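Enquirer: Structure of the sequence below:
(chains A and B)
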Amino acid sequence: MRELKISQVGLSAADLKRFKAVMIAIVSNRDVEARWCMGEPQTANLVLVSPDSDVARQFVADPARKTDQVIAAVVGESDSVDFECDKLSWPIRLASLLELLQRVESRLPRGDSTSAAEVPSAPERNKLVQLAKLLRDVESGDDLAWRINGLSDRPVYVAAQDKSFVFEDSLLHLVQFDPNASLEMVPITVSQVPSNDQRRPIRMLQWLVGLRSGRIGLLPWINPDSTFRLKQFPEFQLLHHTIEHRRIAAALSRPRSGVQAIGAATQLDSSIVLAFVNAASLCGYLKIGDLGAAAAKPKKTSVGPRRALFQVFRRALGIASNDV
Amino acid sequence: MMSEAPSEAPQEHKILFTGTMGAGKTTAIAAVSGIKMVKTEAANTDRALFNKATTTVGFDYGEVGLEGGHVLRLYGTPGQQRFSFLWKIVAKGAIGVIILVDNSRPDPFEDLAVYLDSFRQFVDIGGVVIAVGRTESHQRPSIDDYYHHLAERDLMLPVFAVDVRKSEDVLMVLDVLFNMLEVSDAESV
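Expert: Sure, this is the predicted structure:
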């Protein structure tokens, strides 16, 4: 699957929020052929611009801009634009943005992928899903064990019995495992799992694999239109996570109808939301299903009046680094 | 409750640390306070209940300086229940509460219930995070047990096993509290 990047310049906060929410819906519904990710305007394949924005006009006029980039102006049906570009009807709607993405997909040569090396090919993708499924089912507590090759230079041993894994190296080597690596899951006996002090809770591995599987979208058994709510918060004191994950967790302390609603509530990139949902699901933190009428519909405003105040608190306390 | 981002006039914002005697309130505040803490400790007369030499009888106080001369004040309530009349006084104007639970106590759930009930107004808006200490030496109840216990009370609040001597644990708990309050704000807009 090729990866294409989309970006924006000059959209209003409201349009940006809507754009992100619609993108999450399109990506999670897998309505497009390519893997669409948010990117920087300079390197994106498709850039949405507001023709009323000076910054956007400067961007469009920049001679150093990527030549094969598609520019789409977000304008009303009857409005005209005084530079050459595609149009996307304002307000941004799912059907019109989907139609634009599909048009761009057919226009761009299939080899034009900005970071294809990072997207797992089909066999590797299947292996990643298989690994996720294996780790999901480890919760059953069976007397089974596996040696997993390919996540790092050293193998990872999984023991279902006590829901643990052994990795005889720093976990940092697992945090950014190569999704293109050829994964191998070999059933072994429990006695073949190294018995040492390196046993760690399986949730740490489930979390890491879940986050990385976000690159291929939602895990296939998760319906993007389900209602999502945390059963419990991820064990942040234990798990490698970012401050965005804390934000998503807080949003999911209340029921949300569909991944689109999670994106709307957090205003985060769909890739981060999907990765969190996969990881939280694998760890058993997430309740997925029909939670009835209690599920919160996306609000018109998802930023509370004290957002700026809490950001001041965070800066003063040094809660600013992305990776925690 | 204060609800605005800092403006010209310096503002004060208050967060409360509460929990039983010995749960680690003083340590937690000291872990993140930007000033030398103000402690109101006296000899512990409840040695049979909890074996520590001194305990907080007024309240602990720490603060974090903010941009523009604003201040985030961190208050610790006295742990002994006979000082519970002070809890409401200290809670006045607070934006959120961190409940510290000592897992080595005979009935941590009973302890938790006292504070959930006492700070009900914060529970109702999701302005509470529960931080459980001494889980290394006392693994039961587990964190999963806490969530089951809360679910029985129809509550969904963040619960973390923490070591309040580690500032990163206390900062994580504070950040989750801020996120919970942001969600609460957004839902009420």
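Enquirer: Can you report phi and psi for B:Val64?
Expert: phi -130, psi 120 (degrees, to the nearest 10).
Enquirer: What is the neighbour count of the closest residue to chain A within chain B?
Expert: Residue of chain B nearest chain A, by C-beta to the nearest C-beta: B:Asp185 (2.3 Å). To be clear about C-beta, it is placed using only N, CA and C from the backbone, and glycine gets the same treatment. For B:Asp185, the count of nearby residues is 21 (other C-beta atoms under 10 Å in any protein chain shown).
Enquirer: tell me which element it is part of?
Expert: Using DSSP states H and E, B:Asp185 sits in helix B:167-188.
Enquirer: packing partners for that helix?
Expert: helix A:243-251, helix A:307-317, helix B:25-32, strand B:94-102, strand B:128-133, strand B:159-161 (3 or more C-beta pairs under 8 Å, 6 or more residues apart in numbering or on different chains; DSSP states H and E).
Enquirer: who's in contact with the first one?
Expert: The list of residues contacting helix A:243-251 from outside it, by C-beta atoms under 8 Å, 6 or more residues apart in numbering or on different chains, reads A:230, A:233-234, A:236, A:262, A:265-266, A:268, A:272-273, A:276, A:280, A:319, A:321-322, A:324, B:158, B:172, B:175-176, B:179-180, B:182-183.
Enquirer: Now do that helix against strand B:128-133, angle only.
Expert: Per axes from the mean of the first three to the mean of the last three C-alpha atoms, to 10 degrees, the angle that helix A:243-251 makes with strand B:128-133 is 120 degrees.
Enquirer: cool, the longest one as well?
Expert: Between the axis of helix A:307-317 and that of strand B:128-133 there is an angle of 20 degrees, by the same axes, to 10 degrees.
Enquirer: Return the set of buried residues in helix A:307-317.
Expert: Neighbour-count burial for helix A:307-317 flags A:Arg307, A:Leu309, A:Phe310, A:Val312, A:Phe313, A:Arg314, A:Ala316, A:Leu317 (criterion: 16 or more other C-beta atoms under 10 Å in any protein chain shown).
Enquirer: angle of it against helix B:25-32?
Expert: 90 degrees.
Enquirer: contacting residues around the closest residue to B:Leu150 other than its chain neighbours?
Expert: Leaving aside its sequence neighbours, B:Leu150 sits nearest to B:Leu157 (C-beta to C-beta, 6 or more residues apart in numbering or on different chains; 5.9 Å). Under the criterion of C-beta under 8 Å, 6+ apart, the neighbours of B:Leu157 are A:Ser253, B:Val123, B:Gly126, B:Val128, B:Val129, B:Ile130, B:Leu150.
Enquirer: looking at those, which has the most residues close by?
Expert: Ranking these using other C-beta under 10 Å puts B:Val129 first, with 27 neighbours.
Enquirer: beta partners of it?
Expert: B:Ile98 (DSSP bridges).
Enquirer: backbone phi and psi for the closest residue to A:Arg93 other than its chain neighbours, please?
Expert: Nearest residue to A:Arg93 in three dimensions, chain neighbours excluded: A:Val22, at 7.1 Å (C-beta to C-beta, 6+ apart). Dihedral pair for A:Val22: phi -70, psi -40, per degrees, to the nearest 10.
Enquirer: Please verify my assumption that A:Val22 contacts A:Ser96.
Expert: No: counting by C-beta atoms under 8 Å, A:Val22 stays clear of A:Ser96, with 9.0 Å between them.
Enquirer: Please say which of these two ends up with more neighbours.
Expert: Counted by other C-beta under 10 Å, A:Val22 and A:Ser96 do not tie: A:Val22 has more neighbours, with 22 against 17.
Enquirer: can you tell me how far the more buried one sits from A:Gln102?
Expert: 14 Å (C-beta to C-beta, to the nearest Å).
Enquirer: what residues does the host helix or strand of A:Val27 touch?
Expert: Assigned by DSSP H and E, A:Val27 falls within helix A:13-29. Residues from elsewhere that reach helix A:13-29, judged by C-beta under 8 Å, 6+ apart: A:6, A:8, A:11, A:32, A:35-36, A:38, A:48, A:50, A:74, A:90-94, A:97-98, A:101, A:217-218, A:224, A:258-260, A:262-264, A:267-270, A:273-274, A:298, A:302.
Enquirer: And the pLDDT at residue 60?
Expert: In the absence of a named chain, this looks at chain A. The model reports A:Val60 with a pLDDT of 87.
Enquirer: right idea, wrong chain: chain B
Expert: On pLDDT, B:Asp60 comes in at 86.
Enquirer: Which residue is the nearest non-sequential neighbour of it?
Expert: Nearest residue to B:Asp60 in three dimensions, chain neighbours excluded: B:Gly76, at 3.4 Å (C-beta to C-beta, 6+ apart).
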